[in-house]
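Enquirer: build me a model:
(one chain, ligands or ions: 1)
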Amino acid sequence: MNFKTKALIFLSSLFLSTVQVFASPLPYNNPINGGVAIIPIKMIQKPEVFYKDKRVAVVPSNVKDTWLIIAGIPLEAKNSIQEMFVTKPYKGVIPFHINQKQYKKQFLSIDNKRKVDPHPEDEQRIAQEKETMSAAFAAWQASQPFKSKFIAPVKGRISSQFGLQRILNNKPKNRHTGLDIAAYTGTPIKATAKGEVIVIGDFFYTGNTVIIDHGQGLFSLYAHLNKINVSQGQTVKQGKVIGTVGATGRVTGPHLHWSMIMNQTFVDPLMFVPAKEIVIKPKAKPKKAKKQS
Ligand SMILES: [Zn+2]
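Expert: The predicted structure follows:
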């Protein structure tokens, strides 16, 4: 690809970013590590775009011949200029800037020591399960997942934010790749959007788990379920009860761990559903009647 093509794509993306083209209910555009970048691109034919060698979602906008590239940004990404690569209908590069967010630490105490320091026989199971999940997230379906607003799978208290550096029993572990919503065991969990159930299973860390493929490399994952109400290969509508809240896998108590994955990258679920639509506000205390004196 020559410099002229490169420059044109860059300039058109700069120009269009000032135009209101966000027609459909999209995730919240927030180009940070763990966030989502939405970049408009002008092209007659739908482009195919890759970021860090992973195919990213491209959806139509409400402006003629303009598409929206929607990409998840890895938690490890630093404050920098990144590049997306257009491979079809012709080759080009789209540079974009990401800001770095500093995520906090979270100290947790897990009673089940084996879930913090797995036994040698657990290691093989953990590796296999990681493989199953990675393979699932590499799937690609053409269906457009951004046609309706995403919904909260469960309402409750947010007990752990996405991206936190986890310190379990004083040992630094992986970053938290989802959002934890505390709720009572048995609370119904709804599919955040329509899609196809591609994985169900009982996993070492995530317990009873459901993964839904929404198309264009977007997936939702629901972990620590008490019961699973769907089967593999089942197509579910938005709001379908896929199971109930539980405390299976590595947990400190009953909650839903909800992950959103785009281009094989875990992103903050709050980019899809704002906290105010998840958190149940405690009822306001009734005002005390004024004492008559
Ligand atoms: Zn979690």
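Enquirer: for the rest of this, base every contact and every neighbour count on C-alpha atoms.
Expert: Noted.
Enquirer: tell me the residues of the chain that contact the ion?
Expert: Asp180, His257 (C-alpha under 5 Å from the ion).
Enquirer: poorly predicted segments of the chain, please.
Expert: The chain contains residues with pLDDT under 70 at 1-24, 282-293.
Enquirer: try it again with 90
Expert: 1-26, 28, 61-63, 105-123, 126, 147, 165-174, 250-252, 280-293 (pLDDT under 90).
Enquirer: now the residue of it found nearest the ion: phi and psi?
Expert: Across the chain, the shortest distance to the ion (C-alpha to the ion) belongs to His257, at 4.2 Å. His257 adopts backbone torsions of phi -100, psi 120, taken as degrees, to the nearest 10.
Enquirer: cool, and Ala138?
Expert: The phi/psi pair for Ala138 (degrees, to the nearest 10) is phi -90, psi -10.
Enquirer: what's the answer for Glu121, then?
Expert: Main-chain dihedrals, Glu121, degrees, to the nearest 10: phi -70, psi -20.
Enquirer: ok, the closest residue to Lys149 other than its chain neighbours - how many residues close by?
Expert: Closest residue in space to Lys149, ignoring its immediate chain neighbours: Pro25 at 5.0 Å, by C-alpha to C-alpha, 6 or more residues apart in numbering. Close neighbours of Pro25, defined as other C-alpha atoms under 10 Å, add up to 13.
Enquirer: and if you look at the one 3 residues further on?
Expert: The number of residues packed around Tyr28, counting by other C-alpha under 10 Å, is 17.
Enquirer: can I assume the residue of the chain closest to the ion is in contact with Ala223?
Expert: Yes: His257 lies in contact with Ala223 (C-alpha atoms under 8 Å); the separation is 5.0 Å.
Enquirer: who has more neighbours, the two?
Expert: Ala223 (31 against 25).
Enquirer: what residues are up against the more buried one?
Expert: Thr206, Gly207, Asn208, Thr209, Val210, Leu256, His257, Trp258 (C-alpha atoms under 8 Å, 6 or more residues apart in numbering).
Enquirer: for the residue nearest to Lys149, what are its contacts?
Expert: Contact analysis of Pro25 by C-alpha under 8 Å, 6+ apart lists Phe146, Lys147, Ser148, Lys149, Phe150.
Enquirer: just Thr206 next, same as before
Expert: Listed by C-alpha under 8 Å, 6+ apart, the contact partners of Thr206 are Ala223, His224, Thr248, Gly249, Arg250.
Enquirer: quick one, which of the contacts of Pro25 are buried?
Expert: Buried by 16 or more other C-alpha atoms under 10 Å: Phe146, Phe150, out of the contacts of Pro25.
Enquirer: isn't there a helix covering the residue nearest to Lys149?
Expert: No: Pro25: not assigned to a helix; according to DSSP: H, G, I helix; E, B strand; the rest coil it is coil.
Enquirer: in the sheet, who's paired with Thr235?
Expert: Bridge pairing for Thr235 (DSSP bridges) gives the partners Glu196.
Enquirer: could you do the one 10 residues further on as well?
Expert: Per DSSP bridges, the residues bridged to Val245 are Leu225.
Enquirer: from here on, count from 14
Expert: New numbering, starting at 14: the last item is Val258.
Enquirer: count of residues packed around it?
Expert: Around Val258 there are 27 residues (other C-alpha under 10 Å).
Enquirer: next one: it from Asn239, what distance?
Expert: 5 Å (C-alpha to C-alpha, to the nearest Å).
Enquirer: again, but for Met275
Expert: For Met275 relative to Asn239 (C-alpha to C-alpha), the value is 26 Å.
Enquirer: more crowded one of those two?
Expert: Met275 (25 against 22).
Enquirer: thinking that one is in contact with Val71, fair?
Expert: No: the criterion here is C-alpha under 8 Å, and Met275 misses it with Val71 at 11.6 Å.
Enquirer: quick check, Asp135 in a helix?
Expert: Yes: assessed by three-state DSSP, Asp135 belongs to a helix.
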